[in-house]
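[1] Next come a sequence and a model predicted from it.
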Amino acid sequence: MSDPIHSTASRGFTAGADAYERSRPTYPPDAVSAIIETLGLGPGRTLLELGAGTGKLTRLLAPSGAEILAVEPVEAMRAKLADAVPGVQVAAGTAEAIGLPNASVDAVVVAQAFHWFDAIRALSEMHRVLRPGGRAALVFNRRDESVPWVRGIGDAARRAASGEPQVWDDAWRESLALCGLFGSWRSMAFRQVQRLTADGVVERIASVSYVAAASPEVRQGVLDEVRAVLAADPLTAGVPEIDLPYDTEVLWAERTTIEPGDVGIVASVNANSGGVPKPPVESARVGRLGLDIDAHTEPEPVHGGPDQAVCLYSQEAVERVRADGHQAFPGAYGENLTLLGVDWEGLAPGDRLIVGEGDAALELELTKFTTPCQTLAHWFIEHRIARISGKVHPNDARWYARVLREGDVRPGMPVRLVRGIAG
C-alpha cells in the first residue's frame, strides 16, 4: 500500500530527469565525509536512501562500503540512478510507505527531497525501519540568493510555482519539531560552487520540478527571464563560465529508542476539527473534554465527552501494524496522543498516565478501548479494521482516557504509567 507522490514532482521529475542529471550540483566532499562519519557508514552497515533521484548523493556514498538501498518513486529518475550507480539496489517506493521490515537498516539519508514528504508519516516510517541507535540525515543544496543574480534566477523559477512544497520555506523544518521519534536535529553547514555555462544555468533552472512540469509557454517565459538576468548582470554577462554558489546543509538526528515499560515520551500530538487523519500540532491544552484545539465529526456519544476526552495510541503498535502491511502513523486513526516507550501490554481501565512533571503535569485515566469504525477502513488491507480492535488485538488497540488533571502537552514530554489504580 503506497501513496502517490505529489503530482508536480511526478510530472516535473519525469519530464526533467535528463536536465536534473546534467545540471544539478553534486555535494561538497567535506559534507559527504561528514555524512559518512555521522551515519557510521562502512562495510557491514546498511543505508536506506529515500527520494534518491538520479543518484547524485548515492554515487558519493557508495565508496563507503555500506550496502545501499536507494528508493525513488519516479521511474525516469530510477533509470538514471541505476545507470549511474551500478551495483546499488534501486527500488520503487515512497518515504511514507517503505517496503522494508522493522529494524532492518542502520541509517537513513534523504537528499533534496524531504520537503516533498508527508513529514509525520515519513518520520514514523524512518523510525520503524531503523535499528536502535540508528541515525537519519537530511541534506539540502540551496542556491545562495544573497547574490543578486542568483536571487534573480530564483525569482524567475518561482513564477512557475503553484503552491508546491518548497526547499526555501521552513515548513519542512518546522515539521521536525512536531515529532518526538527522533532526538534533537543538529545542523552542519558547508559551501560549494557549481561552475556552469550560461546555457548550463538555464538548464539548471529548467530542472526545477515545477518549471519542468509547467506548460510550454510558462516554462519558456521562465527560461527567457533567466537568460535576461544573466545577460544584464556584470558578473554573468558574456562570461564563458559562471560560478553558481550554494549553501549545503546536513541535518541529523538519532532514532529515539526506549525499551517498552512504564516510562516513555509523547511522540506526537494530533488534533483537527474532525475526521482522519489528525495532523500533528506543536502543543495543546488538555481540559476535561479533551484537547482545546480538537473536535470530532461525530461527537458524543460516538466520540468525545468526559470518558472519551483523549484518544491514545502507541508508536510500537503503529510499527507492528505497519509490519503487517497496513497503513499506520501518528494521527492516522484519529488518536490525539501517540506515545513511545509505554508498554501497551496488559493495560486496563483505571491505569493512569502522568504526562509531564510536577504539579503542572497532565493526568489521564484509561476508560476503555476505542472501537475502530469504517472511516478508518481505507488504511487497512481488505478493510480489516479488526487489526486494531481491543477484542482481537488488545496490544495494538487505541484507548480512551478521562482527564483527572488538566495540563499542556507537546511532543517529547515524559510520560509515566501507573498501573492498577481504581477509577
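    Arrived safely.

[2] can you list the residues that contact the longest helix along the chain?
    Ranked by number of residues, the top helix in the chain under DSSP state H is helix 216-232. Under the criterion C-beta atoms under 8 Å, 6 or more residues apart in numbering, residues 149, 152-153, 156-157, 159-160, 198, 201-202, 205-206, 211-212, 214, 236-237, 242 lie in contact with helix 216-232. No exception for glycine: its C-beta is placed from N, CA and C like everyone else's.

[3] Moving C-terminal from the lowest-mean-pLDDT helix or strand in the chain, which element do we reach first?
    Least confident helix or strand of the chain, by mean pLDDT, DSSP states H and E, is helix 7-15 with a mean of 83. Downstream of helix 7-15, the first helix or strand assigned by DSSP states H and E is helix 17-23.

[4] Can you report how many residues neighbour Y246?
    By the measure other C-beta atoms under 10 Å, the count of residues near Y246 is 19.

[5] does it sit in a helix, a strand or a coil?
    strand (DSSP: H, G, I helix; E, B strand; the rest coil).

[6] Hmm, R143 and it touching each other?
    Yes. Shown here, Y246 and R143 form a contact pair, counting by C-beta atoms under 8 Å, at 5.9 Å.

[7] Common neighbours of those two, please.
    In contact with both Y246 and R143: no residue, using C-beta under 8 Å, 6+ apart.

[8] Angles on the backbone of W379, please.
    Backbone geometry at W379, expressed as degrees, to the nearest 10, gives phi -80, psi -10.

[9] Could you find the closest non-adjacent residue to it?
    Once flanking residues are discounted, W379 sits nearest to Q327: 4.2 Å by C-beta to C-beta, 6 or more residues apart in numbering.

[10] does that neighbour sit in a helix, a strand or a coil?
    Of the three states, Q327 takes coil according to three-state DSSP.

[11] Could you give the number of residues near it?
    21.

[12] quick one: it from R173, how far?
    25 Å (C-beta to C-beta, to the nearest Å).

[13] Over to P73?
    Here the distance between P73 and R173 works out to 22 Å (C-beta to C-beta).

[14] Compare neighbour counts for those two and give me the winner.
    P73 (26 against 17).

[15] Just confirm the more buried one contacts G93, I think it does.
    Yes. With contact defined as C-beta under 8 Å, P73 counts as touching G93 (6.5 Å).

[16] Touching both of these two, which residues are there?
    Joint contacts of P73 and G93 (C-beta under 8 Å, 6+ apart) do not exist.

[17] Quick one, which of the contacts of helix 216-232 are buried?
    Buried residues within the contacts of helix 216-232, defined by neighbour count using 16 or more other C-beta atoms under 10 Å: 149, 152-153, 156-157, 160, 198, 201-202, 205-206, 211-212, 214, 236, 242.

[18] all helices for the stretch 51-200 of the chain, in order.
    Applying DSSP state H, counting those that start in this stretch to the stretch 51-200 of the chain gives helices spanning 58-61, 75-84, 119-129, 148-158, 171-176, 198-206.

[19] closest to A189 out of the ones you listed?
    Among those, the nearest to A189 by C-beta to C-beta is helix 171-176 (13.9 Å).

[20] Pass me the low-pLDDT residue ranges in the stretch 301-423 of the chain, would you?
    Along the stretch 301-423 of the chain, the model assigns pLDDT under 70 to residues 301-302, 421-423.

[21] per-residue confidence for the one residue sitting closest to the centre of the chain?
    Geometric centre of the chain, nearest residue: A119, 2.8 Å, by C-alpha atoms, centre = their mean. Looking at A119, its pLDDT stands at 97.

[22] what separates the nearest residue to it once chain neighbours are set aside from D233, distance-wise?
    Ranked by C-beta to C-beta, 6+ apart and with sequence neighbours excluded, the top spatial neighbour of A119 is S175, at 3.5 Å. S175 is 35 Å from D233, where distance means C-beta to C-beta.

[23] do the same with D155
    The value you get for D155 to D233, if C-beta to C-beta is used, is 13 Å.

[24] So for the two, which residue has more residues nearby?
    Neighbour tally, D155 and D233, criterion other C-beta under 10 Å: the higher count belongs to D233, 17 against 14.
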